[in-house]
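Student: here is my input; please provide its structure:
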Amino acid sequence: MKYYTVGQVNTYIKNLISSDYLLKNLVVKGEISNCKYHSMGHIYFSIKDESGSMPCVMFKGSIPAGLKFRLEDGMSVYIQGSVNVYERDGRYQLYARKIIQDENLKGKLFAEYERLKQKLSDEGLFDFEVKKEIPAYPKAVGIVTAKTGAAIQDIMNIARRRNPYVQLVLYPAKVQGEGAAETIARGIEVLDAMGLDTIIIGRGGGSIEDLWAFNEEIVARAIYAAKTPIISGTGHEVDNTIADYVSDKRAPTPSAAAELAIPDIMSTINRFNALKNEMNRAMKSRLNETALRLEGIRNRLEARSPEKLLRDRQQYLAGLSDRLGYLMDNKLSTYTNRLGVLIARLDGLSPTAKLKNGFGYLEAKGKPLESVNDVSSGEEIRITIHDGDISTVVR
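Tutor: Numbering: from 1, shown residues only. Presented below is the predicted three-dimensional model:
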């Protein structure tokens, strides 16, 4: 049986397409979708219209002369280039040499986005005056996103690191495709009724189609109607959705939204410790000032000695003495407790404290007994144990 390899078939198809005069140089009109700028400088995207979609690439070397603006999803453009086969994947794509923007049409989705954005802005849904403050120390945070994916995992990891005591309540919503906007709006309504402190809505980045659920009017009005403060963390840094404008706070990513909603408890603890130290220093300084002031009063009394002045100063001194006494009692109590600890520690180091469980200290002729050769039969020795002394005779 005669057969061909996959590579041979791909090469054959590539040669057929390469020999087609029309496909060597043509202009295609359509709307940009799934645009991604590669780290190597190339641009990968798709061009589509009502009838279909085609993968495209524009290599780094063609960009300086062939592209005078930044490509974005939703743009309507004319692309001049050639169609050929990428043999490794066995798929054809349009290799763009020059891209011209269609100034008369921004793209269906982009136009709809701008229309709704203007409409809601005119109604006041974006006004800063109606935006709610995000609670500084929340106890419970709601999340409207997909139950699987990077967004929920990132939020959970950040919450665990910054404040593990915050309760997270997830409403698993559909964040892309048909019906996604309705489930997101329903999730906002459900979590808002639970009386949570903050709600996070969002998902990871994607094309304008992927993020379109967050551009729907039903989601925008659900956010605006909610009594709970809402943080929108949709897409990446460059993505902006209608939900971002209506929300009380906008974050560039779901991770950033989690950091805005959940404070770092360690920084709060450090702040309180700093305040505590500052308070202790202020109290110590105040005590020293009071002691110096008391000494000055005493010196003035001894120098002047009028009876009336003495009575007045004695009354004033009594008040200061009571206050000082209260502070000193507290200080004395602290040192008493510390002395008790030191006494217990000293007792543990005492030689006699070790004379228990059958151990003793032996003396002969008033000196420590260090060897059996230091005593003889009939000589008297003294044994000290933990609760007394014993006199005995060597046999």
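
Student: and the residue nearest to residue 149 when sequence neighbours are not counted, how many residues sit next to it?
Tutor: Computed as Cβ to Cβ, 6 or more residues apart in numbering, the closest residue to residue 149 that is not its neighbour in sequence is residue 204, at 6.5 Å. From N, CA and C alone the C-beta is placed, and that goes for glycine too. The tally of other residues near residue 204 (other Cβ atoms under 10 Å) stands at 22.

Student: my guess is residue 204 contacts residue 150. True?
Tutor: Yes - with contact defined as Cβ atoms under 8 Å, residue 204 reaches residue 150; the gap is 5.3 Å.

Student: overlap in contacts of those two?
Tutor: residue 254 (Cβ atoms under 8 Å, 6 or more residues apart in numbering).

Student: how far away is residue 216 from residue 373?
Tutor: Distance, residue 216 to residue 373, by Cβ to Cβ, to the nearest Å: 103 Å.

Student: mind checking which of the two has more residues around it?
Tutor: Neighbours were counted for residue 216 and for residue 373 using other Cβ under 10 Å; residue 216 has more, 20 against 6.

Student: relative to residue 219, how far out is the spatially closest residue to that one that is not a sequence neighbour?
Tutor: Distances taken as Cβ to Cβ, 6+ apart place residue 181 nearest to residue 216, at 3.6 Å, with adjacent residues excluded. Distance check for residue 181 against residue 219: by Cβ to Cβ, it reads 5 Å.

Student: name the residues contacting each of these two.
Tutor: Contacts common to residue 181 and residue 219, judged by Cβ under 8 Å, 6+ apart, are residue 213.

Student: of those two, who's got more company?
Tutor: Neighbour count, other Cβ under 10 Å: between residue 181 and residue 219, residue 219 has more, with 26 against 23.

Student: please list the outside residues in contact with the helix or strand encompassing the more buried one.
Tutor: Element membership for residue 219 (DSSP states H and E) is helix 217-225. For helix 217-225, contacts defined as Cβ under 8 Å, 6+ apart pick out 116, 120, 125, 130, 181-182, 184-185, 188-189, 201, 213, 230, 232, 242-243, 245-247.

Student: at 10 Å instead, please
Tutor: 116-117, 119-120, 123-126, 130, 144, 180-189, 192, 199, 201, 213-214, 216, 230, 232, 241-248 (Cβ atoms under 10 Å, 6 or more residues apart in numbering).

Student: among those, which lie within helices?
Tutor: Among the contacts of helix 217-225, DSSP state H puts 116-117, 119-120, 123, 180-189, 192, 242-246 in helices.

Student: list the contacts of the residue nearest to residue 216.
Tutor: 173-175, 212-220, 222, 243.

Student: just give me the closest of those to residue 111.
Tutor: Within these, the smallest distance to residue 111 is 11.9 Å, found for residue 215 (Cβ to Cβ).
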